[in-house]
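Enquirer: model this:
(chains A and B)
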Amino acid sequence: NAGVTQTPKFRVLKTGQSMTLLCAQDMNHEYMYWYRQDPGMGLRLIHYSVGEGTTAKGEVPDGYNVSRLKKQNFLLGLESAAPSQTSVYFCASSYAGRTQYFGPGTRLTVL
Amino acid sequence: DQQVKQNSPSLSVQEGRISILNCDYTNSMFDYFLWYKKYPAEGPTFLISISSIKDKNEDGRFTVFLNKSAKHLSLHIVPSQPGDSAVYFCASSKAGTASKLTFGTGTRLQVTL
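Expert: Below you'll find the model as predicted:
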């Protein structure tokens, strides 16, 4: 039981490049979330999903897209990366209770 | 508009003593509160939670207290251990919102020998 895993762990992009971050969970959780964490700030919600095939915007969705084609996977896409998207990205999942379980994070640097 | 606030960026406590981490919230619709612990280069780990129908929840060395009238919660760690050194985040959620969490900015706890 790996819990929540994230791929990749680190990535460096140039401005304007695109990439996809993958989140996978093996706990059969319905809800999944993407957050970003910046220095001196708490985690902020980017997008979330309450089930396969559904997505919704969170607090800071601009510049990101998501997809949930399979229940166990939640993808976060950056179509045209900007330096302001340099951050640490965390994925989380929840069974539909109130407690979320987090992955180890992806550190993204946009030059 | 920061709805969840942790006003102490850092806290230093001696091993064996009590650590008290504080959190304030402004949204009266929040009805569930959680504490997460985060080590460097790792994801947040769930520590303890409390529903608004309670005023205290205890799990081993960790106790969370909720004062709804003051919109304040606190995490007590007794006794503090060096392995407790980490950043602690307070988070809140509202019923019917897909369990979305609103986080505070975190408090870095250092437990010294």
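Enquirer: which parts of chain A sit against chain B?
Expert: A:4, A:31, A:33, A:40-45, A:48, A:50, A:56, A:58, A:90, A:92, A:94, A:96-105 (C-beta under 8 Å from any C-beta of the partner chain). Quick note: C-beta positions are derived from backbone N, CA and C, even for glycine.
Enquirer: now, which of those residues lie within strands?
Expert: The strands, defined by DSSP state E, take in A:4, A:31, A:33, A:43-45, A:48, A:56, A:90, A:92, A:94, A:101-102 from the residues of chain A next to chain B.
Enquirer: and those residues, which is closest to chain B?
Expert: Taking C-beta to the nearest C-beta as the measure, chain B lies nearest A:Phe102 of those, at 3.7 Å.
Enquirer: list the contacts of the closest residue to that closest one other than its chain neighbours.
Expert: Distances taken as C-beta to C-beta, 6 or more residues apart in numbering or on different chains put B:Gly43 closest to A:Phe102, at 3.7 Å, once the chain neighbours are dropped. With contact set as C-beta atoms under 8 Å, 6 or more residues apart in numbering or on different chains, B:Gly43 has these partners: A:4, A:90, A:92, A:102-105.
Enquirer: do a quick rundown of the helices in chain A.
Expert: Shown for chain A, no helices are assigned by DSSP state H.
Enquirer: where does it get nearest to chain B, which residue?
Expert: For chain A, C-beta to the nearest C-beta, closest residue to chain B: A:Gly42, 3.3 Å.
Enquirer: from B:Pro9, how far out is that residue?
Expert: Going from A:Gly42 to B:Pro9 by C-beta to C-beta, to the nearest Å gives 12 Å.
Enquirer: now the buried members of the residues of chain A next to chain B.
Expert: Those of those that meet the buried threshold are A:4, A:31, A:33, A:42-45, A:48, A:50, A:58, A:90, A:92, A:94, A:98-103, A:105, by 16 or more other C-beta atoms under 10 Å in any protein chain shown.
Enquirer: grab the nearest non-local neighbour of the residue in chain B positioned nearest to chain A.
Expert: Closest approach of chain B to chain A (C-beta to the nearest C-beta) occurs at B:Phe103, with a separation of 3.3 Å. The shortest distance from B:Phe103 to any non-neighbouring residue, by C-beta to C-beta, 6+ apart, is to A:Gly42 (3.3 Å).
Enquirer: and the one you found, what pLDDT?
Expert: On the pLDDT scale, A:Gly42 is placed at 89.
Enquirer: for it, what are its contacts?
Expert: Contacts of A:Gly42 by C-beta under 8 Å, 6+ apart are B:4, B:89, B:91, B:102-106.
Enquirer: want to throw those residues into CSV with pLDDT and neighbour count?
Expert: What follows is these, written out as CSV (pLDDT from 0 to 100; neighbours: other C-beta atoms under 10 Å in any protein chain shown):
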residue, pLDDT, neighbour count
B:Val4, 96, 23
B:Phe89, 97, 25
B:Ala91, 96, 26
B:Thr102, 94, 21
B:Phe103, 96, 24
B:Gly104, 96, 26
B:Thr105, 96, 18
B:Gly106, 96, 24
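Enquirer: select from these every entry located in strands.
Expert: The strands, defined by DSSP E, take in B:4, B:89, B:91, B:102-103 from those.
Enquirer: check these and tell me the two furthest apart.
Expert: B:Phe89 and B:Thr102 (10.6 Å; C-beta to C-beta).
Enquirer: now do the residue of chain B closest to chain A against A:Trp34, distance only.
Expert: Taken as C-beta to C-beta, the span from B:Phe103 to A:Trp34 is 14 Å.
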